[in-house]
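> take this sequence and fold it.
(one chain, ligands or ions: 1)
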Amino acid sequence: MINHVRILGIPVHAFTYKTLLSTITHWLEDGEFHHICTVNPEFAMIAQQQGDFFDLLQRVDACIADGVGLLLAARILGQSLPERVTGTDTVQLLAEQAAAHGWRVYFLGAAEGIAQQASQILQARYPDLQVAGCYAGSPSGEEAPAIINHINASRADILLVAYGAPQQDLWIDRYKGNLNVKLAMGVGGAFDFIAGVVPRAPRWMQRIGLEWLFRLYKQPWRWRRMLRLPLFVLAVSRYRGKAIHQGE
Ligand code: UDP
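Numbering: from 1, shown residues only. Modelled structure (predicted):
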């Protein structure tokens, strides 16, 4: 299994896109259920206050470092993560891989029609992609039985869930025993980005670690949520300080 760096108690795995995709290929072949979480600083801070989410992040098969803040946190802790692995780029690479292997993909969540738009864009790019189904729905428990029936009837291998954190991952964890998929992944705003309803930061901004700034500029209403970013860096620095102190 791949190494991890423990950041505020969360095991963040040292995947690159390449190692993640080859691991996913093994998982699809072993036929067991696997769950991937795309961890960012916001996730990590929510997990500090929400015990069930924190516990879930210990159990899942992979916590990928979807946020430059996690790479920075690893560095503050004197360790390193090889690269940022975003949910949005993983979904696109996964679609390509799914098309090549014949894995069927189900797109759940986001606003009405967005999952379908995203799936159509990916299918145009990878014509062999088999879209098992698309449905907006909601993470509410009442809707779950119908959604689960629909997913299982679609014979999906991979389930992508865009209900935002932590709902999407709690939903997957709660119903994993009822789902016949082999891989499930919470994908946050990935469908919005792929469908183009939310613009993604230019590559150069992503490269220098400023995607969060672009997001704040495009979606200023997120400022309150994004305050968790500096709080995260502060929490990691304090954690590091304590660890050094205890080691003295
Ligand atoms: N979303 C949803 N139902 C909900 C809550 C959120 O479909 O009850 C969708 C929302 O439309 C968006 C996605 O969840 O497409 C993720 O939202 P956000 O951008 O907040 O996620 P992040 O990328 O920040 O985790």
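
> excluding its backbone neighbours, what's nearest Asp157?
Trp103 (4.2 Å; CB to CB, 6 or more residues apart in numbering). Using the backbone N, CA and C atoms, a C-beta is placed for each residue, glycine as well.

> what does Gln79 give?
Counting by CB to CB, 6+ apart, Val5 is the residue found nearest to Gln79 once chain neighbours are left out, at 4.6 Å.

> and that neighbour, that one's in a strand?
Yes. Under DSSP: H, G, I helix; E, B strand; the rest coil, Val5 falls within a strand.

> show me what it is bridged to.
Beta-bridge partners recorded for Val5 (DSSP bridges): Val12.

> okay, it and Gly78: tell me how far apart.
From Val5 across to Gly78, the span is 10 Å (CB to CB, to the nearest Å).

> higher neighbour count, those two?
Just comparing Val5 and Gly78: by other CB atoms under 10 Å the higher neighbour count belongs to Val5, 21 against 10.

> next up, the contacts around the more buried one.
11-12, 14, 73-74, 77, 79-81 (CB atoms under 8 Å, 6 or more residues apart in numbering).

> recalculate using a threshold of 6 Å.
12, 74, 79, 81 (CB atoms under 6 Å, 6 or more residues apart in numbering).

> please settle this for me: is the third one part of a strand?
I take that to be Gln79. No. Under the criterion used here (three-state DSSP), Gln79 is coil, not part of a strand.

> quick one, phi psi at it?
phi -120, psi -170 (degrees, to the nearest 10).

> neighbours of it, how many?
Gln79, neighbours per other CB under 10 Å, totals 15.

> that one and Tyr239: what is the separation?
Distance of Gln79 to Tyr239, computed by CB to CB: 12 Å.

> same check on the second one?
As judged by CB to CB, Ala74 and Tyr239 stand 12 Å apart.

> quick one, which of those two is more surrounded?
When Ala74 and Tyr239 are compared for neighbours, Ala74 comes out ahead with 21 against 17, by other CB under 10 Å.

> show me what contacts the more buried one?
Residues near Ala74 by CB under 6 Å, 6+ apart: 5, 80-81.

> is the helix or strand encompassing it anywhere near the ligand?
Element membership of Ala74 [criterion: DSSP states H and E] is helix 68-76. No. Using CB under 6 Å from any ligand atom, no contact is recorded between helix 68-76 and the ligand, whose separation bottoms out at 12.9 Å.
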